[in-house]
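Engineer: what follows is a predicted protein model with its sequence.
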Amino acid sequence: MSDHRVVVLPRCHTGQRRILQSSARFKVVACGRRWGKTTVGVVECARWALQGGTVGWFAPTFRMAAEPWRVLRRHLLPASTRVSETDRRMEFFNGGSIEIGSLDNPDAGRGRKFRHIVIDEAAAVRELEIAWYEVLRPTLTDEAGTATLYSTPKGRGAFFGLWQRGESDPEWARFSAPSHENPYLPSGEVEAARGEMPERVFRQEYLAEFGMEEGAVFANVRTAVDAGRVANETYQPAHEYRAGVDLGRARDWTVVAVIRADGKQVAVDRFRGLGWSAIADRVARTLREYQAWAWVDSTGVGDPVVDMLRQRGAAVRPFVFTANSKTRLIEGLAARLERGELNLMDRTEQTEELEGFAYRTRPGGHLRLEGPPGGHDDCVCALALAVYGDRGAAWVA
Ligand SMILES: Nc1ncnc2c1ncn2[C@@H]1O[C@H](COP(=O)(O)OP(=O)(O)OP(=O)(O)O)[C@@H](O)[C@H]1O
Ligand SMILES: [Mg+2]
């Protein structure tokens with residue numbers, strides 16, 4: 001029966017083969033996004049498990065374990081004798097097994113023993129040093145097991161420390177490569193990403209550089225501001241306008257930012273202390289005045305306010321802030337500023353908010369994008385929404 005158990009593994013690209021061919025016991029692989037880290041990790045695990053080894057795959061969170069589990073299952077189902085969805089565990093005909101775990105709880109994995117371990121997205125593991133040195137490394141002692149840690153760099157935290165070890169320790173090896181080494185990525189994908197984020201983020205995420213340190217998010221703020229231009233400019237039919245709306249809850253500010261297609265900011269309306277209906281009246285009036293369509297921050301307030309705006313003749317689309325979507329939004333604005341594509345009004349609150357955004361190091365060495373101290377970021381959010389999706393991905397009301 002085993003003749004029919006055909007397992008087809010992905011055919012590895014040159015960079016992935018470098019890792020499989022290395023005989024180092026511990027490997028640190030710092031590669032760009034979409035380079036193929038998870039895929040080669042799956043191939044590695046499959047090889048060990050099909051030789052009868054006990055293999056552990058560890059992701060930073062339970063959610064991040066879902067995709068590798070899917071990929072593993074897809075490739076290895078034909079060879080499996082038992083599959084447990086709840087434990088995310090597969091067993092094979094020759095006694096080998098693969099189990100997927102998450103490191104949300106750094107104690108996961110204690111008391112086990114493995115022939116091989118993969119840690120995927122290692123830089124995102126909250127307590128990577130504890131997870132590695134105290135929990136996972138000891139599980140490799142019994143069988144002189146091996147391990148590979150995959151990640152895209154993220155600041156200079158614990159993953160960077162292991163990366164350095166990859167050079168100095170003879171038991172270790174390290175590998176690095178940019179995303180575009182993956183020949184299976186659609187061409188142009190990486191260059192497209194470059195346009196959407198600040199250069200230093202691109203260098204980390206796609207060129208896999210460890211250089212990113214603390215510092216301001218927005219470059220060239222002062223050069224982008226037209227000194228002294230504080231007044232709104234009236235609508236001119238020759239131009240096309242876009243807007244972004246950050247809705248203020250309770251005592252927060254509501255901000256509408258209007259920008260011309262050529263990158264010139266022409267209006268800011270910033271106010272607070274109104275009820276939803278009055279807010280909708282005022283926002284809709286501005287949007288109609290410039291015939292601008294707008295992304296509206298609908299986080300928390302949901303669709304009712306968006307509906308109120310539509311009822312008042314405004315062309316709006318909701319945008320929900322999550323940690324990820326907000327980072328992408330803010331970095332999109334940073335990329336536009338960095339390239340000198342925007343001319344901003346000289347509005348003190350806006351300029352100060354822009355200058356207050358920074359990448360700051362969290363405990364554990366992770367870099368995080370944070371808004372200005374004190375919390376107000378409504379001008380920047382409105383502005384970022386005004387330029388969001390402004391490049392070709394035009395949305396028609
Ligand atoms: N050897 C390969 N053969 C075919 N496709 C591949 C191969 N390696 C990677 N890919 C494809 O490239 C894309 C990225 O691969 P993968 O998810 O493994 O990369 P990653 O580095 O883990 O990405 P991320 O940074 O998003 O986690 C996927 O669509 C994957 O199917
Ligand atoms: Mg991956």
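Structural biologist: It's in. Ligands and ions are numbered 1, 2, ... in the order given.

Engineer: so where's the stretch 1-150 of the chain shaky on pLDDT?
Structural biologist: Screening the stretch 1-150 of the chain residue by residue with the criterion pLDDT under 70, one finds the ranges 1-5.

Engineer: of all of it, which residue lies closest to ligand 2?
Structural biologist: Residue nearest to ligand 2 within the stretch 1-150 of the chain: residue 38 (3.3 Å; C-beta to the ion). Glycine gets a C-beta too; all of them are placed from N, C-alpha and C.

Engineer: repeat for the stretch 251-397 of the chain
Structural biologist: Evaluated by C-beta to the ion, the stretch 251-397 of the chain has residue 324 as its residue closest to ligand 2, separated by 15.4 Å.

Engineer: burial count for that residue?
Structural biologist: Here the neighbour count serves as a burial measure; for residue 324 (other C-beta atoms under 10 Å) it reads 8.

Engineer: and the host helix or strand of it, what's buried?
Structural biologist: If you go by DSSP states H and E, residue 324 is part of helix 323-338. If you call a residue buried by 16 or more other C-beta atoms under 10 Å, then helix 323-338 has these buried ones: 326, 327, 329, 330, 331, 332, 333, 334, 335, 336, 337, 338.

Engineer: contacts with ligand 1 among these, please.
Structural biologist: With C-beta under 6 Å from any ligand atom as the criterion, no member of these is in contact with ligand 1.

Engineer: quick one: these as JSON lines, columns for pLDDT too.
Structural biologist: Supplementary listing: the buried residues of helix 323-338 in JSON lines, determined by pLDDT from 0 to 100:
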{"residue": "326", "pLDDT": "92"}
{"residue": "327", "pLDDT": "91"}
{"residue": "329", "pLDDT": "94"}
{"residue": "330", "pLDDT": "95"}
{"residue": "331", "pLDDT": "93"}
{"residue": "332", "pLDDT": "93"}
{"residue": "333", "pLDDT": "95"}
{"residue": "334", "pLDDT": "95"}
{"residue": "335", "pLDDT": "93"}
{"residue": "336", "pLDDT": "93"}
{"residue": "337", "pLDDT": "94"}
{"residue": "338", "pLDDT": "92"}
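
Engineer: output stretch 43-57 as CSV, nothing but the C-alphas.
Structural biologist: Coordinates of each C-alpha in stretch 43-57 appear next as CSV, following Å, rounded to 0.1, in the frame of the first residue of the first chain:
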residue,chain,number,x,y,z
VAL,A,43,10.0,20.9,2.9
GLU,A,44,12.5,20.6,5.7
CYS,A,45,10.0,19.2,8.2
ALA,A,46,8.6,16.8,5.7
ARG,A,47,12.0,15.4,5.1
TRP,A,48,12.7,14.7,8.7
ALA,A,49,9.2,13.4,9.5
LEU,A,50,9.3,11.0,6.5
GLN,A,51,12.5,9.6,7.8
GLY,A,52,10.8,8.8,11.0
GLY,A,53,11.7,11.9,13.0
THR,A,54,9.6,13.8,15.5
VAL,A,55,9.3,17.3,14.2
GLY,A,56,8.0,20.5,15.9
TRP,A,57,6.9,23.6,14.0
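
Engineer: buried set for it?
Structural biologist: Of all the residues in stretch 43-57, those buried under the rule 16+ other C-beta under 10 Å are 43, 44, 45, 46, 48, 49, 50, 53, 54, 55, 56, 57.

Engineer: so which of these comes closest to residue 172?
Structural biologist: If you rank the buried residues of stretch 43-57 by distance to residue 172 using C-beta to C-beta, residue 44 comes first, at 16.0 Å.

Engineer: so the protein: which segments form each domain?
Structural biologist: Under the assignment automatic domain parsing, the domains of the chain span 2-205, 215-387.

Engineer: show me the shaky parts of the stretch 201-350 of the chain.
Structural biologist: Nowhere does the stretch 201-350 of the chain drop to pLDDT under 70.

Engineer: nearest to ligand 2: which residue in it?
Structural biologist: Nearest residue of the stretch 201-350 of the chain to ligand 2, counting by C-beta to the ion: residue 205, 12.4 Å away.

Engineer: for the closest residue to that residue other than its chain neighbours, what are its contacts?
Structural biologist: Among residues not flanking residue 205 along the chain, residue 33 sits closest, at 5.1 Å (C-beta to C-beta, 6 or more residues apart in numbering). By C-beta atoms under 8 Å, 6 or more residues apart in numbering, the contact list for residue 33 reads 152, 179, 193, 205, 206.

Engineer: tell me which of these fall in helices.
Structural biologist: Judged by DSSP state H, the subset of those located in helices is 193, 205.
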